[in-house]
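*Asks:* okay, sequence plus prediction incoming.
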Amino acid sequence: MLSESIQSELGEIVGNEHLLTSPEALICYSYDGTFHESLPEAVILPADTAEIAQVLELCNRQRIPVIPRGMASGLAAATVPVDGGLILNTVRLNRLLEIDKANMMATVQAGIITSDLQLEVEKLGLFYPPDPSSVRHSTIGGNIACNAGGPRCLKYGITGDYVMALEVVLADGRILRTGGKAIKNVTGYDLVSLFTGSEGTLGVITEATLKLIALPEAKRTAQAIFPRLEDASKSVNAVLWGGIVPATLELMDETAINAVEDYMQLGLPRDAEAILIIETDGDPADAARDMDVVARICSEGGASEVRIAKTPAESDELWRARRSISGSLGRKRPNKLGEDISVPRSAIPDTIRGIKEISQNRNLPIVIFGHAGDGNLHPNILFDKNDPEEWQRVQAAVADLFGLAVAVGGTLSGEHGVGTLKKPFLESDVGPVAIDVMRSVRHALDPHGILNPGKIFD
């Protein structure tokens, strides 16, 4: 536990009601979207940037580890303490500060929920595209810290593509404002990009200015059913070669299909090896024309059926299967490890074959789904962590998956980040020189190592 004098100082900064030290509170903040658990020493919920600056100045002076945290929906254990420390929760910084229609940008505090921002800007005919699966409960600050993605990445890009400016509190309490509303800005180093994806290891993001675009007028949704997974994976590239860039192009393999069908009874074909969920958007004519091309390409590529939604309700129904995967897997095994490899699109067929071989060799069910349009696959390993022998096989399978991703020219993560789960494999992906450079940057900004220690690398 933190000393009474430290707790007293922290309480003076934020108010004692916003400093949590009870056992039940610490348990609530001891885990994230993974199965990792570790207790913090205390939890603090500052109200604004000024309070965060005071907290970090104190913690830097006293060498207290600080773990920045939003809604803890992360899947790499990046917000789980490694060895005690202080959880710094940004959820009270949850205001939409400005919607600038003229420049098509929004300025928000880090704790705002992503879907809340989207709903507000859409009322004005604007669009914030990044849509991680946690969109209804993750925060913008957390999205930026992990450089989150989502199904719409194929057409619209990831979170970092929309971050124009940041306010960040550094480890010593100084407040940095970098970037702005100018579309072109090559003045000095690109510090906005440096902090985007840094997982709370370089500073605490407190405010962001985000680029918006015009809200598409229409969208069309289709579900393409494939008897063969190989044909589905090849059709992904065929659609893109056909000159169509769908808003989303999602894949489910047969394990995911059957898990969802067991759970939801949606009438999914249990004998299909894969389903693609595809969405086109734009003006009504373009969205419809693009969908016609997609349907033709999938049919010619081996789809046994292509169902095109005629109404928004039918579109939602087609998406239910994809959105229900994670929930359905919990009924299969006590635990799941949701991985996040990203590979070149040309390597998708070989990668899927490789994952199936790993599943067979390690005698573990591995469910494959994800954003196939941009090569971001989510192999989910199902297991029981209370079985030591099975847990050993899981760890071996993870090493196999990452080795496969790197071997085909891919990488360890497309949107989840490194956290602690992927830390042991980082050097195999980026190499020792890159890690040395990253360490140097981190040390320059946080010489005492108080910010999210133990994450990305030791």
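*Replies:* In hand now; what should we look at?

*Asks:* rest of the way, CA atoms for contacts and neighbours
*Replies:* Fine.

*Asks:* lowest-confidence helix or strand of the chain?
*Replies:* The least trusted helix or strand in the chain, going by mean pLDDT, DSSP states H and E, turns out to be helix 325-329, with a mean of 85.

*Asks:* I'd like the average pLDDT over the helix or strand following it.
*Replies:* Next along the chain after helix 325-329, taking DSSP states H and E as the criterion, comes strand 335-338. Per-residue confidence for strand 335-338 averages out to 90 on the pLDDT scale.

*Asks:* after strand 335-338, which helix or strand is next?
*Replies:* Taking DSSP H and E as the definition, the helix or strand that follows strand 335-338 towards the C-terminus is strand 341-342.

*Asks:* tell me what that next one is packed against?
*Replies:* Judged by 3 or more CA pairs under 8 Å, 6 or more residues apart in numbering; DSSP states H and E, strand 341-342 is in contact with strand 376-383, helix 388-407.

*Asks:* who's in contact with that strand?
*Replies:* Defining contact as CA atoms under 8 Å, 6 or more residues apart in numbering, one finds that strand 341-342 is touched by 374-379, 401-402, 405, 410-414.

*Asks:* thought residue 105 was touching residue 210?
*Replies:* Yes: under the criterion of CA atoms under 8 Å, residue 105 lies in contact with residue 210, with a separation of 5.4 Å.

*Asks:* re earlier: mind listing what's buried along the least confident helix or strand of the chain?
*Replies:* By neighbour count with 16 or more other CA atoms under 10 Å, helix 325-329 contains the buried residues 325-326, 328-329.

*Asks:* also stretch 424-434?
*Replies:* Burial within stretch 424-434, assessed by neighbour count using 16+ other CA under 10 Å, is assigned to 425-426, 429.

*Asks:* which among those gets closest to residue 237?
*Replies:* Here the nearest of the buried residues of stretch 424-434 to residue 237, counting by CA to CA, is residue 429; it sits at 24.9 Å.

*Asks:* could you check how far that closest one is from residue 77?
*Replies:* Using CA to CA, to the nearest Å, residue 429 is found at 19 Å from residue 77.

*Asks:* can you show me the strands along the stretch 351-458 of the chain?
*Replies:* Under the criterion DSSP state E, counting those that start in this stretch, the stretch 351-458 of the chain carries strands at the ranges 366-371, 376-383.

*Asks:* JSON lines please, covering these and showing mean pLDDT and distance to residue 174.
*Replies:* JSON lines is the format used below for the strands of the stretch 351-458 of the chain (pLDDT from 0 to 100; distance: least, CA to CA, whole Å):
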{"stretch": "strand 366-371", "mean pLDDT": "92", "distance to residue 174": "39"}
{"stretch": "strand 376-383", "mean pLDDT": "94", "distance to residue 174": "37"}
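
*Asks:* now these as TSV including mean neighbour count?
*Replies:* Formatted as TSV, the strands of the stretch 351-458 of the chain follow (neighbours: other CA atoms under 10 Å):
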stretch	mean neighbour count
strand 366-371	24
strand 376-383	23
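
*Asks:* how far away from the center of its chain is stretch 77-96?
*Replies:* Relative to its parent chain, stretch 77-96 has a centroid offset of 16 Å by CA atoms, centre = their mean, to the nearest Å.

*Asks:* average pLDDT across it?
*Replies:* Taken as a whole, stretch 77-96 carries a mean pLDDT of 97.

*Asks:* ditto for stretch 116-125
*Replies:* Stretch 116-125 comes out with an average pLDDT of 98.

*Asks:* which residues touch it?
*Replies:* Looking at what lies outside stretch 116-125 - CA under 8 Å, 6+ apart - the contacts are 96, 99, 127-128, 136, 214-215.

*Asks:* which one (most neighbours) among those?
*Replies:* For the contacts of stretch 116-125, the largest number of neighbours (other CA atoms under 10 Å) sits with residue 128, at 24 neighbours.

*Asks:* pretty sure that one sits against residue 212.
*Replies:* Yes: distance between residue 128 and residue 212: 5.2 Å, which falls inside the contact criterion (CA under 8 Å).

*Asks:* between the contacts of strand 341-342, which is closest to residue 182?
*Replies:* Nearest to residue 182, judged by CA to CA, of these is residue 414 at 27.6 Å.
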